[in-house]
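In: predicted model, plus sequence, below.
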Amino acid sequence: MTGLLEQIGKYAAEAFEAAGYDGSYGRVTVSNRPDLCEFQCNGAMAAKKAYGKAPRDIAMDVLPYFEKSGVVKNVKVEGPGFINFDLSDDFLTGFLAEMAADERLGFEASEEPKTMIIDYGGPNVAKPLHIGHLRSAIIGESIKRIARFAGDKVIGDVHLGDWGLQMGLIIASLSESDGDLPYFDENYTGKYPDEPPFTIGDLETIYPAASARSKEDEEFRNKALEATGQLQEGRRGYRALWNQIMKVSIADLKENYRKLNVEFDLWKGESDAQKYIPDMVDKMVADGYAYEDEGALIIDVKEESDAKEVPPCIIRKSDGASLYATTDLATIVERMKLYDPDKILYVVDKRQEMHFRQVFRAARKTGIVKPETELQFLGFGTMNGKDGKPFKTRAGGVMRLETLIRDIDEAMYKKISENQSVKDENIGDTSEIVGLSALKYGDLSNQASKDYIFDIDKFISFEGNTGPYILYTIVRINSILERYASEGGNVQGCGFKAPSGNGEKELMLSCAGFSGAVTAAYEELAPHKLCAYIYALANDFNHFYHETRILSEEDKEKQAGWVALLELVRRILKVSIDMLGFEAPERM
Ligand code: ARG
């Protein structure tokens, strides 16, 4: 079904045509003066020039036809020629009934679904997951779900950082502490053990210690660099050890992402791209795009219109090593080959913007990506503490994701126990569900590119623009509908009725805005638009709820109309939070 504005616009266009004007002037918008009217059409002003007539006269010509359509009421020509109007009750309830009958609540999925790869998450194997990776996971997951709702074929790829120095650091460190393991014996030809020689807990202490040591101990650093090089060249024992590090880390990462309700279709990483590098580089050289400069291999990517200089993209260092950009280019080669996507979207910290500008330009110039495939960078801002500086632990260190989630869950647990609305044995589960909404909504309700302040107290509040407020609204509707059903009512059998008050009409109009909100969130890759929409919807519901005694209403017809409306609000909220990546508890 087409969206609300489009539908009304069609009637407005017909009215313009019936009055002898071009139908294209019948464009309708939500009123910017809600105190005067619900919608407006400013087409008469635009038609002035073409018809050499006063806009007011044009609007007056159109008005009777528009009125006759039956979709509008209180139609007035105001000022120089604005057509202001409200929706008729019949049209509005019909629209809502159509929405309710539709699986996607009236949102029309695209007729030509796109294949899109979303590169998000981007954790670095063997390093603990930290706050910097949290935003990518939260935003990327939501965009993936929104695009899927919109009908696209979306492939989420975690793109692990699994090929860098961190691996060499761990290998170098283990070679000292556990040098007698077969992994370090160059003459060993047998099978390596199945069991990893460390746990995730071990890795979590080995890596930071090795990393700190490499900054002071040059000999150790060289050893780690050498181990990295040997691993990349394929030394058998190191590859086997690398596999063990991957196995242990990935299991831990999966558990962390599961807690966040984040799910990837592909668990590929930088290492998967390596095999494409040699041919890719050879071709770039042969085609004349890559050339040597002071021993390094580079591709010029600057353009005349650049306000800020874009340095060349370096694809091989003078020592022969490939770089982050090389891996990202080779990953594009792989993705084109395996998935032939219409679009690749990168959800990464905005401080990497220049890197992606270089990579995208190099990819276009060298033709590794076909011209129709869009490459897009969605850079997000930093999560700051209340002091406005990047979020840290109390001790001043980088906050680990697990710690952060635990802090939120504990705060939520305290709050819910104080409320005492949940039976004791369920408080733990409920706190986790509500805590996740606090964390995710706190992030997603901000425009992704902006920095934002992480404020636990604000995020876990049941009031205001927060995840728990949205969930609380859903739980409230659930309990009303359950009561209605337990008193013999049939929720699914209720039909929409004309609104009996302003609050109810507002709520109905708010519901009707669903597909418009999803379209904006989808087209602009902007989950915050969906948050703003459900926040307004939840507010409209709560106003209506406070002015209406739903369950004690004597007029059963009227009551059934409210129940139908509540059920629609509930469905919209549930579908929307699913797109944001969290869910509602039974009680809270
Ligand atoms: N692992 C990287 C980091 O921690 C993020 C990866 C982003 N994706 C990409 N294709 N470069 O900074």
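Out: Looks like it arrived, so ask away.
In: C-alpha from now on. contacts and neighbour counts both.
Out: Fine.
In: quick check, pLDDT for S500.
Out: For S500, the model assigns a pLDDT of 91.
In: and it, how many neighbours?
Out: 12 (other Cα atoms under 10 Å).
In: can you tell me the SS state at it?
Out: coil (DSSP: H, G, I helix; E, B strand; the rest coil).
In: can you tell me how far it is from the ligand?
Out: In this view, S500 and the ligand are 53 Å apart by Cα to the nearest ligand atom, to the nearest Å.
In: with T382 instead?
Out: According to Cα to the nearest ligand atom, T382 and the ligand sit 13 Å apart.
In: one more: S69?
Out: 53 Å.
In: do you know the pLDDT at the nearest residue to that residue once chain neighbours are set aside?
Out: Nearest residue to S69, sequence neighbours excluded (Cα to Cα, 6 or more residues apart in numbering): Y11, at 6.8 Å. At Y11, the pLDDT value in this model is 97.
In: for the one 3 residues further on, same thing?
Out: Here the pLDDT value assigned to E14 is 97.
In: ditto for E111
Out: 86.
In: tell me the secondary structure at it.
Out: What three-state DSSP gives for E111 is coil.
In: same check on S515?
Out: Put simply, S515 is helix when judged by three-state DSSP.
In: which non-adjacent residue is nearest it?
Out: Nearest one to S515, counting by Cα to Cα, 6+ apart, is F107 at 4.7 Å.
In: my guess is the one you found contacts A100, does it?
Out: No: the criterion here is Cα atoms under 8 Å, and F107 misses it with A100 at 11.0 Å.
In: SS state for the residue nearest to S515?
Out: Three-state call for F107 (three-state DSSP): coil.
In: so what's it up against?
Out: With contact set as Cα atoms under 8 Å, 6 or more residues apart in numbering, F107 has these partners: M1, T2, G3, A150, F514, S515, V518.
In: neighbours of the spatially closest residue to the first one that is not a sequence neighbour, how many?
Out: With Cα to Cα, 6+ apart as the measure, G106 is the residue that lies nearest to M1, at 5.4 Å, once sequence neighbours are left out. Residues lying near G106 (other Cα under 10 Å) number 23.
In: my guess is G106 meets Q7, correct?
Out: No: at 11.8 Å, G106 does not count as touching Q7 under the criterion of Cα under 8 Å.
In: quick check on the residue nearest to S515: phi, psi?
Out: The phi/psi pair for F107 (degrees, to the nearest 10) reads phi -80, psi 130.
In: so that it lines up with my notes, have the first residue be 846 from now on.
Out: Let's use 846 as the start, then, which means that last one is F952.
In: how far away is it from L1411?
Out: 19 Å (Cα to Cα, to the nearest Å).
In: now do R1394
Out: 13 Å.
In: who's more crowded, those two?
Out: When neighbours are counted by other Cα under 10 Å, L1411 comes out ahead of the other of R1394 and L1411, with 22 against 11.
In: ok, and the closest non-adjacent residue to the more buried one?
Out: Using Cα to Cα, 6+ apart and skipping the chain neighbours, the partner closest in space to L1411 is I1322 (6.6 Å).
In: tell me who's in contact with that neighbour.
Out: Residues in contact with I1322 (Cα under 8 Å, 6+ apart) are L1411, E1412, R1415.
In: now swap in M944 and tell me
Out: For M944, the contacting residues are M846, L950, G951, by Cα under 8 Å, 6+ apart.
In: and for D1110?
Out: The contact partners of D1110, taken as Cα under 8 Å, 6+ apart, are I1000, G1001, D1002.
In: with pLDDT added, can I get these in CSV?
Out: Output for those, formatted as CSV (pLDDT from 0 to 100):
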residue, pLDDT
I1000, 98
G1001, 98
D1002, 98
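In: now do the contacts for the residue nearest to M846.
Out: Counting by Cα under 8 Å, 6+ apart, G951 makes contact with M846, T847, G848, E943, M944, A945, F1359, S1360.
In: go with 7 Å
Out: The neighbours of G951, taking Cα atoms under 7 Å, 6 or more residues apart in numbering as the test, are M846, M944, S1360.
In: next: W1112.
Out: For W1112, counting by Cα under 7 Å, 6+ apart, the contacting residues are D1002, V1003, H1004.
In: would you confirm that the first one contacts G1114?
Out: No: the pair D1002 and G1114 does not pass the contact test of Cα atoms under 7 Å, sitting 8.5 Å apart.
In: wait, what's in contact with the residue of the chain positioned farthest from its centre?
Out: In the chain, N1032 marks the outermost C-alpha relative to the chain mean, sitting 49.7 Å out by Cα atoms, centre = their mean. Contacts for N1032 were tallied using Cα under 7 Å, 6+ apart; there are none.
In: what of G854?
Out: If a contact means Cα under 7 Å, 6+ apart, then G854 has G871, R872, V873 as its contacts.
In: returning to what we had before: could I get the contacts of G951 as CSV with distance to L1223 and pLDDT?
Out: Below are the contacts of G951 laid out as CSV (distance: Cα to Cα, whole Å; pLDDT from 0 to 100):
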residue, distance to L1223, pLDDT
M846, 30, 85
M944, 32, 97
S1360, 23, 95
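In: tell me the one among those residues nearest to P1235.
Out: Using Cα to Cα, S1360 comes nearest to P1235 of the contacts of G951, at 36.0 Å.
In: of all the contacts of G854, which comes closest to S914?
Out: Using Cα to Cα, G871 comes nearest to S914 of these, at 13.3 Å.
In: residues contacting the residue nearest to the closest one when sequence neighbours are not counted?
Out: In space, G871 comes closest to A858 once its chain neighbours are excluded; the distance is 4.1 Å by Cα to Cα, 6+ apart. By Cα under 7 Å, 6+ apart, the contact set of A858 is G868, S869, Y870, G871.
In: ok, G1079 next?
Out: By Cα under 7 Å, 6+ apart, G1079 has no neighbours at all.
In: and if we set it to 10 Å?
Out: The neighbourhood of G1079, defined by Cα atoms under 10 Å, 6 or more residues apart in numbering, consists of T1073, A1085.
In: and G985, what does it touch?
Out: Residues near G985 by Cα under 10 Å, 6+ apart: 963-966, 979, 991, 1001-1003, 1107, 1190-1193, 1223, 1370, 1372, 1425-1426.
In: the helix or strand it falls within - what's its average pLDDT?
Out: Counting by DSSP states H and E, the element that carries G985 is helix 976-994. On average, the pLDDT along helix 976-994 is 94.
In: same question, stretch 1029-1048
Out: Per-region confidence: stretch 1029-1048 scores 94 on mean pLDDT.
In: what does stretch 866-880 give?
Out: Stretch 866-880 comes out with an average pLDDT of 93.
In: what sits up against it?
Out: The contact list for stretch 866-880 (Cα under 10 Å, 6+ apart) reads 849-862, 882-892, 895-896, 903, 906-907, 928-931, 1358.
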